[in-house]
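1. Show me the folded form of this:
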Amino acid sequence: MKSIIFDTGALTLFYDHDPRVGPFVASLDSGKARCYVSPVTLSEFYYRTCATLGKEVAGVWATQIQERMEVLPGDPRLWISSGLEKCRNTKLSLADAYALALVKSIHGTLLTTDSVLAKSEGCDVRHFPV
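-> From the prediction side, this is the model:
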C-alpha cells in the first residue's frame, strides 16, 4: 500500500479540487493508499484557512482531514529528525521540515507546492507549482 504525505499547499490543492492531486485522492478513496499529515502541517493549514476563509471553515476542513487522513501523533524521533532537516535547510518552514522528516521515516511520497521542499533529496517528492 502506498503512503502519501500532504504538506499545507497540497491540502489547499485538495480543497481547491485541483486535478493534479486527483490521482492521489483516488488512491486514498479506493483504499490503495494511506494518507498522512503531520500535526504541524494541520496546524499551519488551519491557521491559513482561518485567516482567509474564517474559523468555521477552518474547523470543518480540519475535522474532515482528520477523518480521511491519519494525523500522526508527536513522536520524539520525528521531532529530532524535523529539527535536523530545518537545521540543514533554514529556508524550509518548520511544517515543511516535519513533513520531510515524516516522508523519510515512512518511505512515502510527499505532495507539495513548495519549490524549496521539492528539491529535497533522499525521498519521493511530487511538486505542484502554483
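
2. can you list the residues that contact stretch 55-73?
-> The contact list for stretch 55-73 (C-beta atoms under 8 Å, 6 or more residues apart in numbering) reads 6, 11, 15, 28, 34-39, 42, 45-47, 49-50, 78, 102. To be clear about C-beta, it is placed using only N, CA and C from the backbone, and glycine gets the same treatment.

3. Out of those residues, which end up buried?
-> 6, 11, 28, 34-38, 42, 45-46, 49-50, 78, 102 (16 or more other C-beta atoms under 10 Å).

4. Name the weakest-confidence residue in those, if you would.
-> pLDDT is lowest at Leu78 among these; the value there is 85.

5. Grab the nearest non-local neighbour of that residue.
-> Leaving out its chain neighbours, the residue that sits closest to Leu78 by C-beta to C-beta, 6 or more residues apart in numbering is Ala101, at 5.3 Å.

6. Gly31 and Ala58: what is the separation?
-> 28 Å (C-beta to C-beta, to the nearest Å).

7. picking up where we left off before, out of the contacts of stretch 55-73, list just those in strands.
-> Counted as lying in strands by DSSP state E, out of those, are Phe6, Arg34, Cys35, Tyr36, Val37.

8. the inter-axis angle of the helix or strand hosting Ala26 versus strand 33-37?
-> In this assignment (DSSP states H and E), Ala26 forms part of helix 22-30. In terms of direction (axes from the mean of the first three to the mean of the last three C-alpha atoms, to 10 degrees), helix 22-30 departs from strand 33-37 by 110 degrees.
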